[in-house]
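Chemist: Based on what follows, work out the 3D shape:
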Amino acid sequence: MELIIYLAIGAIAGFTAGLFGVGGGLIIIPMLYVVFSHLHYDPAVIMHMALGTSLATIIITSISSLMAHHKKGAVLWQVFRNLAPGLVIGSFAGAGIAGGLSGAGLQLIIGGFAILIALRMFRKASVQVDESRHLPSAPMQMLAGGGIGVASAIFGIGGGSLTVPYLNKYGVVMQKAVATSAACGFPIAVAGALGSMFFGAQQHVEIKNAIGYVQIHAFLGIGVMSFITAKLGVAVAHALSSVMLKKCFAGLLIAIGCYFIYQGLGH
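Modeler: Now for the predicted structure:
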């Protein structure tokens, strides 16, 4: 029964990721929070488990997305190489920071982040990119990667909502920014998931079928289904208005954000 629930979450998360053009982290985390609560996991680690497992599933979905973008020749591999060391170090460190926060603290942080992203989506439906600007030096890109990695691990996401605006700011057109961000999601997810396993193991978390803060059955079920259904979401997205899609997703994020803030303040 548990595996069927994880497959269903994966189907929804993958479809949503394809439909709205984002990683599934902010969809997966609240769903896992509810499931883990019903499974009577220790309340002190439920949010940590949801974050770590979300990062692990993004490893699989980022590979699918990366392959599709690479075929179109849209990934800026030199930029990826500059960002990657910072992304890996930052994401691993971010997993450690998240492990040190209370469950209620994580709920407030993720709730606030979801609302912030939603408001930005409402405000910037179409961003004009200044292509005359250039990316900063390689060491500065690596430093930016570190910041993106830390935040991504704490929020349990693949970093697209942070990497894309950063690249846009320096004149990278949207298609290449999204493609490069998809590539960046892989090292973020790998380092963040390994960090969640490592720091969770230090806390001696006693959860069945889990390695540290990663629930293995959830990782497999969600990862496999989201890989399949993401393509269906992309197909539907092309049949609908992008402005309406963004507004619907922003509304969903506000609901998720308010839910987590309410939960966090209730502790």
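Chemist: ok, residues contacting stretch 116-126?
Modeler: 26, 161, 242-243, 246-247, 249-254, 257 (Cβ atoms under 8 Å, 6 or more residues apart in numbering). The C-beta positions use only the backbone N, C-alpha and C, and glycine is treated the same way.
Chemist: go again using 7 Å as the cut-off
Modeler: 161, 243, 246, 247, 249, 250, 253, 254, 257 (Cβ atoms under 7 Å, 6 or more residues apart in numbering).
Chemist: from the chain's centre, how far out does it sit?
Modeler: 17 Å (Cα atoms, centre = their mean, to the nearest Å).
Chemist: Can you show me the CA trace of it as CSV?
Modeler: Only the C-alpha atoms of stretch 116-126 are listed here, as CSV (Å, rounded to 0.1, in the frame of the first residue of the first chain):
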residue,chain,number,x,y,z
LEU,A,116,8.1,34.2,-2.2
ILE,A,117,8.5,32.1,-5.4
ALA,A,118,4.7,32.4,-6.0
LEU,A,119,4.7,36.2,-5.7
ARG,A,120,7.6,36.4,-8.1
MET,A,121,5.8,34.2,-10.6
PHE,A,122,2.7,36.5,-10.4
ARG,A,123,4.9,39.5,-10.9
LYS,A,124,7.2,38.3,-13.6
ALA,A,125,5.1,36.4,-16.1
SER,A,126,7.4,37.5,-19.0
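Chemist: about what we covered before: just flag the most distant two among the contacts of stretch 116-126.
Modeler: 243 and 257 (21.0 Å; Cβ to Cβ).
Chemist: Only whichever of the contacts of stretch 116-126 are buried, select them in PyMOL.
Modeler: Selection of buried members from the contacts of stretch 116-126 for PyMOL, criterion 16 or more other Cβ atoms under 10 Å:
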select buried, resi 161+246+249+250+253+254+257
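Chemist: Kindly reformat the contacts of stretch 116-126 as JSON lines containing secondary structure.
Modeler: Below are the contacts of stretch 116-126 laid out as JSON lines (DSSP: H, G, I helix; E, B strand; the rest coil):
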{"residue": "161", "secondary structure": "helix"}
{"residue": "243", "secondary structure": "helix"}
{"residue": "246", "secondary structure": "helix"}
{"residue": "247", "secondary structure": "helix"}
{"residue": "249", "secondary structure": "helix"}
{"residue": "250", "secondary structure": "helix"}
{"residue": "253", "secondary structure": "helix"}
{"residue": "254", "secondary structure": "helix"}
{"residue": "257", "secondary structure": "helix"}
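Chemist: Switch the contacts of stretch 116-126 over to TSV; also include distance to residue 145.
Modeler: Listed next are the contacts of stretch 116-126 as TSV, based on distance: Cβ to Cβ, whole Å:
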residue	distance to residue 145
161	15
243	31
246	26
247	31
249	26
250	27
253	24
254	29
257	26
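Chemist: quick one: which of the contacts of stretch 116-126 is nearest to residue 62?
Modeler: The nearest one, if we look at the contacts of stretch 116-126 relative to residue 62 and count by Cβ to Cβ, is residue 161, at 13.9 Å.
Chemist: Nearest residue to the closest one in space, ignoring adjacent ones along the chain?
Modeler: Spatially, and ignoring its direct neighbours in sequence, residue 161 is nearest to residue 117 (5.2 Å; Cβ to Cβ, 6 or more residues apart in numbering).
Chemist: Could you do residue 195 as well?
Modeler: Excluding its sequence neighbours, the residue lying closest to residue 195 (Cβ to Cβ, 6+ apart) is residue 95, at 2.7 Å.
Chemist: so that neighbour makes contact with residue 200?
Modeler: No - under the criterion of Cβ atoms under 7 Å, residue 95 makes no contact with residue 200, lying 8.7 Å away.
Chemist: Looking at these two now, which is surrounded by more residues?
Modeler: Between residue 95 and residue 200, residue 95 has the larger neighbour count (other Cβ atoms under 10 Å), namely 31 against 23.
Chemist: which helices and strands does the longest helix along the chain pack with?
Modeler: When the chain is parsed with DSSP state H, its longest helix is helix 174-202. Applying 3 or more Cβ pairs under 7 Å, 6 or more residues apart in numbering; DSSP states H and E, we find helix 174-202 packed against helix 46-71, helix 77-100, helix 138-155, helix 160-169, strand 214-215.
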